[in-house]
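Asker: coordinates only, sequence not included:
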């Protein structure tokens, strides 16, 4: 995945509908991963995708306001109910004033049950954004 993201994003941006949707936002934020996971993997695929979209659309890339505050069991190893419980309290807001009244596009690589994007959106609501949209590359 770490080497395919530019090709995938370029493909998406050539589609006028996707390009217009992306351009309707002010700020793009990747779903953060824990420091432990980052160290293991070496990259955050959601951040790679979000950064590439930001470069090509002039969206503000922001990876400082939504933070992963605790390590959790990998969501992919859990069922729907366990995922909802597992993700509670895993994210926190930092500098919410930066996002106030902004149109935020939250980027996650894979949508399975929606637990992660729902929890991140709930945390982002603390900043009183104008709107929050979610973009995922794949649905499990």
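Answerer: Yep, that arrived. Please read all numbers here as calculations on a predicted model, not as lab measurements.

Asker: pull the helix or strand with minimum mean pLDDT from the protein.
Answerer: helix 80-87 (a mean of 77; mean pLDDT, DSSP states H and E).

Asker: so what does the stretch of helix or strand residue 52 belongs to touch, helix or strand wise?
Answerer: Here residue 52, judged by DSSP states H and E, is contained in helix 45-57. In terms of contacts (3 or more CB pairs under 8 Å, 6 or more residues apart in numbering; DSSP states H and E), helix 45-57 is packed against helix 5-13, helix 16-23, strand 27-30, strand 60-61, strand 103-111. (Each C-beta comes from the backbone N, C-alpha and C, glycine too.)

Asker: Can you add mean pLDDT, distance to residue 71 and mean neighbour count and give those back as a markdown table?
Answerer: Listed next are these as a markdown table, based on pLDDT from 0 to 100; distance: least, CB to CB, whole Å; neighbours: other CB atoms under 10 Å:
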| stretch | mean pLDDT | distance to residue 71 | mean neighbour count |
| --- | --- | --- | --- |
| helix 5-13 | 88 | 24 | 15 |
| helix 16-23 | 93 | 31 | 13 |
| strand 27-30 | 98 | 18 | 24 |
| strand 60-61 | 98 | 25 | 16 |
| strand 103-111 | 94 | 18 | 21 |
